[in-house]
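Trainee: let's see this in three dimensions:
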Amino acid sequence: MDIEIIKGRARIVSDIRHFFSQRHVLEVDTPILSRAAPTAPYLESFKTEFIPMGSIDKASYYLQTSPEFAMKVLLAGGSGSIYQIAKVFRNGERGRLHSPEFTMLEWYRPELNLEELMDEVAALLQTITSYSESVRFSYKEVFSQYLNINVLVCSKDELQKLAIKKLPSFSGDFYLDRDGWLELLMSQVIEPELASLKKPVFIYNFPASQAQLAKVKLDNDGEQVAARFELYAGGLEVANGYDELLDAKELRKRFEYDNQQRLKLGKAEMPIDEKLLAAMEFGFTSLYRSGIRT
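Mentor: Model (predicted):
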């Protein structure tokens, strides 16, 4: 590897630690191995077996795809604002912009709201890069501006027809669910438009179907949206943030639904993180999280 890249990375890590130190955010280090794993159908975990010395029994462990579940357990224990620069692992990822092993910056700020968290992400980006000030649009706004469609109420068929019109290389019988067509239009049509703005762009208020681990709320038009954002820079998604769902019962329902979707796709069912759900039962009032993939 180029020594200048190594030095540059070291400077960025040092700047990140200084940034959070100034804000009194505690650095933590959580385990990489876990008995549970994310249930999201789009994520694949690395799996290994632990065999105690002198035993024939074995237990399955998973390499973390993100440190978020372990960090939430610390938050439930009263840690306050925390961050971590963690090695994470995702099976199946490959390409110029993806790797099965990479570094993720993850942090949690119970005292901030989602708008303030976006402010902090923007401030961090300006601290460690040469990017200018950012702009912000709702998910609905960018689909309206670039594709002339109300993305929160349109049908899957409308999205499919639009995608085939904008991307003729996709055949009419190409199958995706509604969120799949949304992701295709976002990545292939809208993201290049965002890159042309030559500045970081926050996209917030995603469709409720893409809430993942975020709360669902009503936007100014009374339509359900996910309380989360993504940050695009250079046309690429580099960070995301959530107003975290803290209802353990609802979270379990989402995990179980994810596993049902995994089975339909022919993928393995994943063990649910009971420690996380127990932490949620312990109680939070509010929790805002952001993560940057580096």
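
Trainee: so residue 213 touches residue 242, yeah?
Mentor: Yes: here residue 213 reaches residue 242: they are 6.1 Å apart, a contact under C-beta atoms under 8 Å. All C-beta spots, glycine's among them, are computed from the backbone N, C-alpha and C.

Trainee: now the strands for the stretch 101-250 of the chain?
Mentor: Taking DSSP state E, counting those that start in this stretch as the test, the strands found in the stretch 101-250 of the chain are 101-108, 135-138, 201-207, 216-218, 224-233, 236-243.

Trainee: got the ones you listed as CSV, with mean neighbour count and mean pLDDT columns?
Mentor: Formatted as CSV, these follow (neighbours: other C-beta atoms under 10 Å; pLDDT from 0 to 100):
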stretch, mean neighbour count, mean pLDDT
strand 101-108, 19, 95
strand 135-138, 16, 96
strand 201-207, 22, 96
strand 216-218, 14, 95
strand 224-233, 21, 95
strand 236-243, 20, 91
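
Trainee: any chance of those in TSV with distance to residue 193 as columns?
Mentor: Formatted as TSV, these follow (distance: least, C-beta to C-beta, whole Å):
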stretch	distance to residue 193
strand 101-108	26
strand 135-138	11
strand 201-207	10
strand 216-218	27
strand 224-233	10
strand 236-243	13
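
Trainee: and the gap between residue 140 and residue 254?
Mentor: 23 Å (C-beta to C-beta, to the nearest Å).

Trainee: neighbour count: these two, which is higher?
Mentor: residue 140 (23 against 16; other C-beta atoms under 10 Å).

Trainee: now do the same contact list for the more buried one.
Mentor: 150-152, 205, 219, 223, 225 (C-beta atoms under 8 Å, 6 or more residues apart in numbering).

Trainee: out of the residues you listed, which end up buried?
Mentor: Neighbour-count burial (16 or more other C-beta atoms under 10 Å) applied to the contacts of residue 140 gives 151-152, 205, 219, 223, 225.

Trainee: what is the most widely separated pair among these?
Mentor: 151 and 219 (11.8 Å; C-beta to C-beta).

Trainee: and residue 72, how many neighbours?
Mentor: Residues near residue 72, counting by other C-beta under 10 Å: 25.

Trainee: how about residue 32?
Mentor: Residue 32 has 15 nearby residues by other C-beta under 10 Å.

Trainee: got it, and residue 279?
Mentor: 21.

Trainee: ok, residue 93 to residue 231 distance?
Mentor: Distance from residue 93 to residue 231, by C-beta to C-beta: 20 Å.

Trainee: now residue 35
Mentor: From residue 35 across to residue 231, the span is 32 Å (C-beta to C-beta).

Trainee: what do you get for residue 147?
Mentor: Residue 147 is 21 Å from residue 231, by C-beta to C-beta.

Trainee: name the single longest helix found in the chain.
Mentor: Taking DSSP state H as the criterion, the chain has its longest helix at helix 3-22.

Trainee: what ranges does this structure have for its helices?
Mentor: 3-22, 68-76, 114-128, 139-147, 156-166, 178-185, 191-195, 248-264, 274-282.

Trainee: out of those, nearest to residue 108?
Mentor: Closest among those, once you apply C-beta to C-beta, is helix 68-76, at 5.8 Å.

Trainee: packing partners for that closest one?
Mentor: Contacts defined by 3 or more C-beta pairs under 8 Å, 6 or more residues apart in numbering; DSSP states H and E place helix 68-76 against strand 82-89, strand 101-108, helix 274-282.

Trainee: hmm, who's touching that helix?
Mentor: 28, 30-31, 34, 36, 38, 64, 82, 84, 106, 108, 110, 213, 244, 273, 275-276, 279-280, 282-284, 287, 289, 291.

Trainee: recalculate using a threshold of 6 Å.
Mentor: Applying C-beta atoms under 6 Å, 6 or more residues apart in numbering, the set of residues contacting helix 68-76 from outside is 30, 106, 108, 273, 275-276, 279, 282.

Trainee: just checking, what packs against the longest helix of the chain?
Mentor: helix 114-128 (3 or more C-beta pairs under 6 Å, 6 or more residues apart in numbering; DSSP states H and E).

Trainee: list the buried ones in the helix it packs on?
Mentor: 114, 117-118, 120-122, 124-125, 128.

Trainee: over to stretch 70-83?
Mentor: 70-76, 81-83.

Trainee: send the alpha carbons of it over as PDB?
Mentor: Output in PDB follows, covering the C-alpha atoms of stretch 70-83 (Å, rounded to 0.1, in the frame of the first residue of the first chain):
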ATOM      1  CA  ALA A  70     -23.200  -4.000  21.100                       C
ATOM      2  CA  MET A  71     -23.000  -0.200  21.500                       C
ATOM      3  CA  LYS A  72     -26.700   0.000  22.200                       C
ATOM      4  CA  VAL A  73     -26.200  -2.400  25.100                       C
ATOM      5  CA  LEU A  74     -23.500   0.000  26.500                       C
ATOM      6  CA  LEU A  75     -25.900   2.900  26.100                       C
ATOM      7  CA  ALA A  76     -28.600   1.000  28.100                       C
ATOM      8  CA  GLY A  77     -26.000   0.700  30.900                       C
ATOM      9  CA  GLY A  78     -25.700   4.400  31.100                       C
ATOM     10  CA  SER A  79     -22.600   5.100  29.000                       C
ATOM     11  CA  GLY A  80     -23.900   8.400  27.500                       C
ATOM     12  CA  SER A  81     -22.600   9.600  24.100                       C
ATOM     13  CA  ILE A  82     -20.200   7.100  22.600                       C
ATOM     14  CA  TYR A  83     -18.300   6.400  19.400                       C
END
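
Trainee: cheers, nothing more for now.
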